[in-house]
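In: Structure here, sequence nowhere to be found:
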């Protein structure tokens, strides 16, 4: 019957597609969203692929989910920004080594009206304190991502427990950076975001950076090849090649060269060897 | 504020300039969702037919279950499939996670209950009309099922279309098991989600419009098939 | 195509007498059937000889159609015994065919409706054109079956019944409300079938039809057989008061 032909054909097509994939060397990078959404990978990966022929597939999720996926052995390289969690990942044997890769910084963006009067502050704890005091809306990722972890730490240093006001002025979106920015801008809330995502974000409306420049807003990215001892499926050679290239002179220059609107988004700081 | 007008002109521009990325994404969307629809029909139609013509204890519970499964949240299906296909999961050795195959599996699970439940209804109605004649002809169960499936083919086409519609429009399952990897597992809906999260609402909306046009095209094709079938009193 | 012997295809493959001996005579004893708690047949007895055409008549609601379905094995009686030779109806359904009052045709072409039955019974498809020709539908072979007129549809249903090569052919008011030419075609085919040895049992309201095709008449009334006579005697001198009243047009239930 015709039906069984179609069935056979699509099965064959599926098989071919899968085997074609397997034949060329490719790795999966479990990544934070900011590096993907800002367009950094679109710039870096073709350079790397041209040089090595290794296909890099990026799964961009929050840092928390990226780490969990990597722990399930569903990636070859982890590229996130939550140093304590990354170190725990390596200690538990899931990662080979963690290397500092690059940094940028977090900023707090808000509406032109600036209801909590935080514009121009360089002390982020002071700014958060004023927001809490004014009860001005604040949209949080609330998704256990690197940015969220950082934000929670900053609130703790400020001495405010915003979750007590969760649903009131403190709004946890439980979504990615972009979705949280869309939601925050929609409701007129302050949002803490990494600078890279903010610069490349296209739906800014009347929002601008209100708080920046505090040392505490420093945002370090790290790269970790997943340990083949824990995860035998890992393509460790290709994974190590990718991590080495990123931290090499060539990779670091490429990171520095990536600009949006003439602004550098990431600042390479891998240790020189 | 980015308007609808901007999105429409962007959508038209994307299509007429033959944007390669767009066509790659559209092609993958269609490949994944059409394959899922095909496999869901392969599972759902015979299942629906068997339940339609059978009477057994607990049939009522089966019907309730089938109807309830129609409302499976895509994210839940995505998670379940992820847990099975993950390298640390029972089927991890297949290496299917983050491939189109994984997306096809997830969407098949998502829409097979829709195909089964809706086809059960269609075939039960038709069987009501045919049952006595078929018993007089002493047909076997297999002959009955295949005759019902063939005679209800145009209604079942609409049923499969309902499944396809849900598959091609869902994002929750494919983004988890596919990973929205550029040039590998990025489909219309995950691309829309991505552009939205980048704040590029016009591009997201433009992609949405393209998706809408595709859905319209598929529906129109099926509708015209049904119209010609109706002229032959085959519906 | 023309080399096929039409008559041979239509003939029920020169059935051996032994096969008849299995299925007939028909013996019904103490048959009871209730529908939704209402008794319809109450202790019905009936014997049918191996050959000929039997008309079952009776007022509306007498249970004629239900009796036919019991005999065909589609309905299980509440009580009583039905024996085709030595077998119960459900065991011999496949050796019989029933033409319903409202033909149930598949949503396919005329030809495909016949093909379906031939295939289901493992019979060669070549028989199809001869069957369609026999009922005057060969020119409509490719037409959608459900676009046929009432008379054409019933002729197709009859052709389909014959395609199963039955030993017993039931007709349940098969010609009610059909055009006269279709009635004539159907009656001719039924008479032919009967002449070729197929046992015909038909339910009809049409006295003229019963006179034309039936050898004997079974008259149902009050849940039982009120009279079972040869057709000519039934119409010229009915024995039971109910049959007399019915034929005079006085009996309404």
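Out: On my side now, so go ahead. The structure presented is a predicted model; accordingly, all values stated were derived computationally and were not measured. Numbering: from 1, shown residues only, chains lettered A, B, ... in the order given.
In: what's the closest non-adjacent residue to whatever residue of chain A ends up closest to chain B?
Out: Nearest residue of chain A to chain B: residue A:178, at 2.7 Å (C-beta to the nearest C-beta). Where C-beta positions appear, they are placed from N, C-alpha and C, glycine not excepted. Spatial nearest neighbour of residue A:178, excluding adjacent residues (C-beta to C-beta, 6 or more residues apart in numbering or on different chains): residue B:197 at 2.7 Å.
In: my guess is the one you found meets residue A:179, correct?
Out: Yes: applying C-beta atoms under 8 Å, one finds residue B:197 in contact with residue A:179, separated by 5.3 Å.
In: More neighbours: the two, which one.
Out: Neighbours around residue B:197 and residue A:179, counted as other C-beta atoms under 10 Å in any protein chain shown, are more numerous at residue B:197. The numbers are 24 against 19.
In: Next, the contact list for the more buried one, please.
Out: Residues in contact with residue B:197 (C-beta atoms under 8 Å, 6 or more residues apart in numbering or on different chains) are A:33, A:37, A:175, A:176, A:177, A:178, A:179, A:182.
In: any idea of the pLDDT on it?
Out: Model confidence at residue B:197, expressed as pLDDT, equals 86.
In: count of neighbours near the closest residue to chain A within chain C?
Out: In chain C, no residue comes nearer to chain A than residue C:119, which is 13.4 Å away by C-beta to the nearest C-beta. Neighbour count for residue C:119, taken as other C-beta under 10 Å: 13.
In: Excluding residues flanking it in the chain, which one is nearest it?
Out: Spatial nearest neighbour of residue C:119, chain neighbours left out: residue C:125 (7.3 Å); criterion: C-beta to C-beta, 6+ apart.
In: who touches the helix or strand where the residue of chain A closest to chain B lies?
Out: Assessed by DSSP states H and E, residue A:178 sits inside helix A:177-187. Contacts with helix A:177-187, where a contact means C-beta under 8 Å, 6+ apart, come from A:33-34, A:37, A:109, A:111, A:137, A:139-141, A:145, A:147, A:171, A:173, A:175, A:189-191, A:193-194, A:197-198, A:201, A:203-205, A:207, B:196-199, B:201.
In: Give me the most central residue, the chain.
Out: Just so you know, I chose chain A. Nearest residue to the geometric centre of chain A (C-alpha atoms, centre = their mean): residue A:32, 2.5 Å.
In: hm, I was asking about chain B
Out: residue B:164 (2.8 Å).
In: Which residue comes closest to that residue once chain neighbours are left out?
Out: With C-beta to C-beta, 6+ apart, the residue lying closest to residue B:164 is residue B:37, at 4.3 Å.
In: Quickly note the distance from the most far-flung residue of chain B relative to its centre to chain A.
Out: Farthest-out residue of chain B from its mean C-alpha position, per C-alpha atoms, centre = their mean: residue B:136, at 37.1 Å. According to C-beta to the nearest C-beta, to the nearest Å, residue B:136 and chain A sit 27 Å apart.
In: Look at that residue and report its pLDDT.
Out: Model confidence at residue B:136 (pLDDT) stands at 93.
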